[in-house]
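A.B. asks: coords below, sequence missing:
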């Protein structure tokens with residue numbers, strides 16, 4: 001009896017601690033907020049430096065600058081077809097059982113417009129929908145800025161970020177969630193192959209996304 005009690009106690013002590021869904025969700029929300037603050041500052045800095053304005057603009061100036069850039073991209077941007085095709089859940093953040101249950105060929109379709117700014121960098125806005133990890137549609141609206149390297153007439157490498165609003169499906173309804181992630185791309189003559197990484201916590205986020213852009 002004593003042996004069995006000791007073994008049982010050992011099993012209880014060694015059992016891994018699994019965070020509650022509420023705590024995991026709160027942690028992911030804090031990560032997303034931090035990413036939005038940091039990337040928002042980077043976006044404002046990049047565009048305000050060109051205008052010789054303060055790096056930390058007030059709220060109204062930042063909002064107006066964002067609207068101006070998005071309006072310009074929408075009015076003058078080159079049309080493109082978005083084709084999301086895959087995700088990859090980082091194996092260190094998910095159990096084998098979770099990986100087996102998730103879809104990672106997340107096919108989708110979308111529309112976007114993009115243009116090069118005065119510094120030769122790439123801005124674009126997009127609306128896409130794709131299959132999420134549970135094979136449910138996930139519509140997403142967003143803006144991307146990339147610092148481009150290489151001649152426009154040849155191969156280019158882009159490095160930047162995207163900020164977005166996505167509608168994530170739950171068991172009974174869709175929930176609107178803001179997000180941000182780093183982006184890297186390879187581009188040539190309007191064709192682009194993109195990858196992004198969404199940070200997160202154990203069992204949430206920590207996902208790489210892959211999508212293509214084709215000139216319309």
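C.D. replies: Done, it's in. Fair warning: this is a prediction, and the values are worked out from it, not measured in the lab.

A.B. asks: all contacts plus neighbour counts: C-alpha atoms, from now on.
C.D. replies: OK.

A.B. asks: helix or strand for the spatially most central residue of the chain, which one?
C.D. replies: The structure's the chain has its C-alpha centroid closest to residue 181; by Cα atoms, centre = their mean the separation is 3.8 Å. Element membership for residue 181, per DSSP states H and E: strand 174-188.

A.B. asks: Pull the number of nearby residues for residue 197.
C.D. replies: Residues lying near residue 197 (other Cα atoms under 10 Å) number 21.

A.B. asks: who's it bridged to?
C.D. replies: residue 182, residue 208 (DSSP bridges).

A.B. asks: I'd assumed residue 209 was in contact with it.
C.D. replies: Yes - taking contacts as Cα atoms under 8 Å, residue 197 lies within contact range of residue 209: 6.3 Å.

A.B. asks: can you pull the buried residues of stretch 61-72?
C.D. replies: 62, 65-66, 69-70, 72 (16 or more other Cα atoms under 10 Å).

A.B. asks: Give me the subset of these lying in helices.
C.D. replies: Secondary structure assignment by DSSP state H places 62, 65-66, 69-70, 72 of the buried residues of stretch 61-72 in helices.

A.B. asks: Lowest-confidence entry in those residues?
C.D. replies: Among these, residue 62 carries the lowest pLDDT, at 76.

A.B. asks: Now do the strands in the protein.
C.D. replies: Along the chain, the segments classed as strands by DSSP state E run 78-89, 108-116, 122-131, 137-149, 156-169, 174-188, 191-198, 207-215.

A.B. asks: what helices or strands is the last one leaning on?
C.D. replies: Helices and strands in packing contact with strand 207-215 are listed as strand 78-89, strand 191-198; criterion 3 or more Cα pairs under 8 Å, 6 or more residues apart in numbering; DSSP states H and E.

A.B. asks: now the ones you listed as TSV including mean pLDDT and distance to residue 145?
C.D. replies: Formatted as TSV, these follow (pLDDT from 0 to 100; distance: least, Cα to Cα, whole Å):
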stretch	mean pLDDT	distance to residue 145
strand 78-89	96	15
strand 191-198	96	12
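
A.B. asks: Please produce JSON lines containing those, extended by distance to residue 141.
C.D. replies: As requested, the helices and strands packed on strand 207-215 are arranged in JSON lines below (distance: least, Cα to Cα, whole Å):
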{"stretch": "strand 78-89", "distance to residue 141": "12"}
{"stretch": "strand 191-198", "distance to residue 141": "15"}
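
A.B. asks: Contacts only, for the closest residue to residue 211 other than its chain neighbours.
C.D. replies: With Cα to Cα, 6 or more residues apart in numbering as the criterion, residue 211 has its nearest non-adjacent residue at 4.0 Å, and that residue is residue 84. By Cα atoms under 8 Å, 6 or more residues apart in numbering, the contact set of residue 84 is 106-109, 130, 209-212.
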